[in-house]
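Q: coords please:
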Amino acid sequence: MATYRDLLRQAKQEIREVSTEEADELRQQPGAIVLDVREPDEYEQGAIPGSLHIPRGNLESNIEGRVPDRSAPVIVLCAGGFRSAFATKTLGELGYTNAVSVVGGFNRWKDEGREWRTPRVLSPEQRNRYHRHLLLPEVGEAGQLQLLDAKVLLLGAGGLGSPAAMYLAAAGVGTIGIIDMDVVDESNLQRQILHNIERVGERKVDSAKKTLTLLNPDVNVVAHDTRLGADNVIELLSQYDIVVDGADNFPSRYLLNDASLKTGTPVVHGSIFRFEGQVTVFKPHDGPCYRCFIPEPPPAELAPSCAEAGVLGVLPGIVGSIQALEAIKLILDLGDSLSGRLLAYDALEQSFRTYKLKRDPHCPACSVDPQQLTIAEYDEYCMPHPLQPPQG
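A: As a prediction, the model looks like this:
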């Protein structure tokens, strides 16, 4: 019967081992990945900057999702070079053709004075809260830390902003800004789930902050009790990574579009009408913008507000949740965003349809130098503003 030493000797015969000096050189190569297979408590005490942490016991189930390129240079290390040998052998069996094990492991690396640091990790409470995210190889601890570092601005704490805010907060998006200058009304409660009957008459941003803080104390909720306008839109967008657009009027949407093109801030757009909803993503200068999508607003009689035409209460819950999902995908760079596509939902048919959106090469908003865009209030016609002369 084979002993541990026999298995280790056999594994070392089947893999390539490198010194810490060689490993330090290899990790500088484009696309190289340092794979740390130590246990979480070991990793938390110190690691090579930028290393990918997958404990040896989770390697087989996680590596394909975290390192899809089987030809990538993978530099495997543990504490002393033994677990990394077994891990490298496993990688070879899984089809990874360029994996090496580091002799002496992290202990020798550290003793030689090579670069290392104490990594930022989740607290035990956060590991428990976000456990289902950590199980996803596409998210993991690194992705959860990205979510905690992210800043998302919600335009509106109403029908769309409510579900979007709640799911973003539950997911652990670290900073959520909410801009709204309205107060809670009883008629809001049919769909605006951030609020409740006890908060009727309260500022919506204050009500939203109470709900989200109770849901997840990790989240910093920033209340902007003001109207989005030409005087503050650039400053607001500059503070955030992404905007979730729940505006209910065309002037605000066109203003937001101009500002996003200037600041480079992606916008996750959503709209609802009676039993129908739409979602898309506008990534500045990478796909169409809002004015490419709707060059000019339709006549008022063809686009009444929810207050005039009504809306099924659960509809904004569906659309707002999709907006939250698209925002999270942007933060984590997951999958294919809805940039260049419009997702249309019909509640009566219970159907989703996707339409392609094309960028207009002559769009008066996104086809010009962003510095030339004029940030000014729009009237009901929302015609493009005159361009500013080029600077310099």
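
Q: what stretches of the chain score poorly on pLDDT?
A: 300-308, 390-392 (pLDDT under 70).

Q: Now do the contacts for residue 326.
A: 268, 279, 281, 337, 338 (C-beta atoms under 8 Å, 6 or more residues apart in numbering). For every residue, glycine as well, the C-beta is placed using N, CA and C.

Q: so which helix or strand takes in the spatially closest residue to residue 360 that is not a sequence neighbour?
A: Once flanking residues are discounted, residue 360 sits nearest to residue 292: 4.4 Å by C-beta to C-beta, 6 or more residues apart in numbering. Mapping residue 292 onto the secondary structure by DSSP states H and E places it in helix 290-293.

Q: Over to residue 354?
A: Residue 354 belongs to strand 351-356 when assigned by DSSP H and E.

Q: Then residue 261 would be within a helix, right?
A: Yes - judged by DSSP: H, G, I helix; E, B strand; the rest coil, residue 261 forms part of a helix.

Q: Just give the number of residues close to it.
A: 23 (other C-beta atoms under 10 Å).

Q: and what of residue 55?
A: Per other C-beta under 10 Å, the neighbour tally for residue 55 reads 17.

Q: Show the contacting residues for it.
A: 37, 38, 39, 40.

Q: separation between the residue nearest to residue 360 and residue 359?
A: 5 Å (C-beta to C-beta, to the nearest Å).

Q: Who has more neighbours out of those two?
A: More neighbours surround residue 292 than the other of residue 292 and residue 359, with 22 against 16 (other C-beta under 10 Å).

Q: Would you check how far apart the more buried one and residue 384 are?
A: 12 Å.

Q: Can you verify residue 153 is assigned to a helix?
A: No - secondary structure of residue 153 (three-state DSSP): strand, not part of a helix.

Q: So which other helices or strands are in contact with the helix holding residue 292?
A: For helix 290-293, the packing partners by 3 or more C-beta pairs under 8 Å, 6 or more residues apart in numbering; DSSP states H and E come out as helix 250-263, strand 276-282.

Q: what about 6 Å?
A: Here helix 290-293 touches helix 250-263, going by 3 or more C-beta pairs under 6 Å, 6 or more residues apart in numbering; DSSP states H and E.

Q: Could you list the residues in contact with the helix it packs on?
A: 228, 233-234, 237-238, 247, 267, 284, 289-291, 297, 366, 370, 373, 375, 378, 382 (C-beta atoms under 6 Å, 6 or more residues apart in numbering).

Q: again with stretch 222-231
A: Residues from elsewhere that reach stretch 222-231 (C-beta under 6 Å, 6+ apart): 177, 179, 181, 203, 205, 209, 252, 375, 376, 377.

Q: Same check on stretch 285-302?
A: So stretch 285-302 is contacted by 250, 253, 257, 282, 339-340, 357, 359-360, 363, 365-366, 382 (C-beta under 6 Å, 6+ apart).

Q: Counting neighbours, which of these comes out on top?
A: Going by other C-beta under 10 Å, residue 282 tops these with 30 neighbours.

Q: just to revisit the earlier point, strand partners (parallel or antiparallel) of the strand holding residue 354?
A: When sheet partners are counted by DSSP bridges, strand 351-356 sits next to strand 341-346 (antiparallel).

Q: got the CA positions of the strand it pairs with in PDB?
A: The C-alpha coordinates for strand 341-346 follow below in PDB (Å, rounded to 0.1, in the frame of the first residue of the first chain):
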ATOM      1  CA  ARG A 341     -29.800  45.200 -26.700                       C
ATOM      2  CA  LEU A 342     -33.300  46.100 -25.400                       C
ATOM      3  CA  LEU A 343     -35.000  43.600 -23.100                       C
ATOM      4  CA  ALA A 344     -38.800  44.000 -23.400                       C
ATOM      5  CA  TYR A 345     -41.100  42.300 -20.900                       C
ATOM      6  CA  ASP A 346     -44.900  41.900 -21.400                       C
END
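
Q: Number the chain from 504, please
A: In the new count, where the first residue is 504, that last one comes out as strand 844-849.

Q: Off-centre distance for that strand?
A: 20 Å (C-alpha atoms, centre = their mean, to the nearest Å).
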